[in-house]
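> Provided below for reference: sequence and predicted model.
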Amino acid sequence: MSDAQGEPTTGRVKAIQDWLLGRADTRLGRFSLLWFRRYFEASHNSGCAATVYSALSILPGALVVVSFFHSSGSDTNRFAQRLVDHMKLHGTTASLVQQTFGSASANKLAASLTVAVAFLLWGIGIGQIYQDVYARAWRIEVGSLTDQGRFAIFLFVVTGALALAVISAAQLRAEGWYVLVPVWLVASTAFWLWVPSFLLHRKISLRALLPGALLATIVLGGAAATSPLFVAAPLNANGKAFGSFGVVVTLIGYTFIMITMSLVCAVFSPVWAGWRGTENDPKVEPGPAENPVTP
């Protein structure tokens, strides 16, 4: 490339670099950089492991719970039907979803077989993953011999919460958005306050955890509400092309997105708490002693 051709190109690249540097050197830019740097420090690619463990334990467990609470007059799995209705699936893909997740009676049988094994082998690890991310994000040390029981409680609560959301979703939606939205805001915020407080042995105050809980409620709720816009088309296409395998892979991808967003929100509270106190000197980063730890 000649100098005559290279100079305009170099000028455009320089202009883009200057624009990016200008955006980074703002309050919002500094906060965003600190947030994502803290996320990558804390996550250690935890989203992948949490997705695999969830697919092997939480989802089967939720199917079992839903099947036991399902009305006896129908053999259709409510989880599958909710997925079909929410994603507006049709034809072959809708049938594949029903077949993939099985009937209510089949899921009850599974309760005594694979689900118990999955809970023991993989489910306990999910609590460990979230505890590690929260602890690294807040830069505190937690852990004790009783944590295995704590992780088991966490697993049962998450599984029950997912099953309850599936069971109650249709009824709440029938009541209208003026009922669904407030219920979601209250229930989800309470859940995302409980998770870090419980896993971190209540070392962090609820007030300090509130920003992350509110962000998770808004982000995850918005992603779930708008999921038909970006999940339905791939689900239909992959279901037609690859059958049940395509349905499962697409849903695992969606699960990975949701879990990753929940981990990004988990890092928000400690970054927000430290950034407010150090904004006057952007080079100073909050350490463990500056975090709002409860006595």
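Received, thanks.
> May I ask which helix or strand encompasses Val247?
Using DSSP states H and E, Val247 sits within helix 244-278.
> Tell me the helices and strands packed up against that helix.
For helix 244-278, the packing partners by 3 or more Cβ pairs under 8 Å, 6 or more residues apart in numbering; DSSP states H and E come out as helix 27-43, helix 46-56, helix 91-101, helix 124-138, helix 177-199, helix 206-230, helix 232-242. C-beta here means a position set from N, CA and C on the backbone, and glycine is covered the same way.
> Which positions in stretch 27-39 come out as buried?
31, 34-35, 38-39 (16 or more other Cβ atoms under 10 Å).
> Mind exporting the C-alpha coordinates of that stretch to CSV?
Output in CSV follows, covering the C-alpha atoms of stretch 27-39 (Å, rounded to 0.1, in the frame of the first residue of the first chain):
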residue,chain,number,x,y,z
ARG,A,27,-16.7,7.8,34.9
LEU,A,28,-18.8,5.2,33.0
GLY,A,29,-15.7,4.0,31.0
ARG,A,30,-13.6,3.5,34.1
PHE,A,31,-16.3,1.7,35.9
SER,A,32,-16.9,-0.6,32.9
LEU,A,33,-13.3,-1.5,32.6
LEU,A,34,-13.0,-2.2,36.3
TRP,A,35,-16.2,-4.3,36.2
PHE,A,36,-15.1,-6.6,33.4
ARG,A,37,-11.5,-6.8,34.7
ARG,A,38,-12.9,-8.0,38.0
TYR,A,39,-15.2,-10.4,36.3
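> Can you tell me which of the helices and strands packed on helix 244-278 has the worst average pLDDT?
Per-segment mean pLDDT for the helices and strands packed on helix 244-278 reaches its minimum on helix 91-101, at a mean of 70.
> who's in contact with the spatially most central residue of the chain?
Centroid-nearest residue in the chain: Ile259, 2.8 Å away (criterion: Cα atoms, centre = their mean). Residues near Ile259 by Cβ atoms under 8 Å, 6 or more residues apart in numbering: 47, 50-51, 54.
> Please tell me how far the residue lying closest to Gly221 once chain neighbours are set aside sits from Lys240.
Among residues not flanking Gly221 along the chain, Trp184 sits closest, at 5.5 Å (Cβ to Cβ, 6 or more residues apart in numbering). Distance from Trp184 to Lys240, counting by Cβ to Cβ, to the nearest Å: 32 Å.
> So between the two, which is more surrounded?
Trp184 (20 against 13; other Cβ atoms under 10 Å).
> any idea how far Ala187 is from the closest residue to Asp132 other than its chain neighbours?
Spatial nearest neighbour of Asp132, excluding adjacent residues (Cβ to Cβ, 6+ apart): Ser46 at 7.0 Å. In this view, Ser46 and Ala187 are 25 Å apart by Cβ to Cβ.
> between the two, which one's more packed in?
Just comparing Ser46 and Ala187: by other Cβ under 10 Å the higher neighbour count belongs to Ser46, 20 against 15.
> Now for the more buried one: which residues touch it?
129-130, 132-133, 263.
> And for Thr260?
If you count contacts by Cβ under 8 Å, 6+ apart, Thr260 has them with Gly47.
> For Phe36, see how far away it is.
Distance of Thr260 to Phe36, given as Cβ to Cβ: 12 Å.
> for Trp275, same thing?
From Trp275 to Phe36 the distance is 13 Å (Cβ to Cβ).
> next one: Pro196
Using Cβ to Cβ, Pro196 is found at 19 Å from Phe36.
> How about Ser57?
29 Å.
> ok, and the closest non-adjacent residue to Ala152?
Using Cβ to Cβ, 6+ apart, the closest residue to Ala152 is Ile124 (6.1 Å).
> Please verify my assumption that that neighbour contacts Asp147.
No - assessed by Cβ atoms under 8 Å, Ile124 is found out of contact with Asp147, at 9.6 Å.
> before we move on, back to that, and the helices and strands packed on helix 244-278, which is most packed in?
For those, ranked by mean neighbour count under the definition mean count of other Cβ atoms under 10 Å, the leader is helix 124-138 at a mean of 22.
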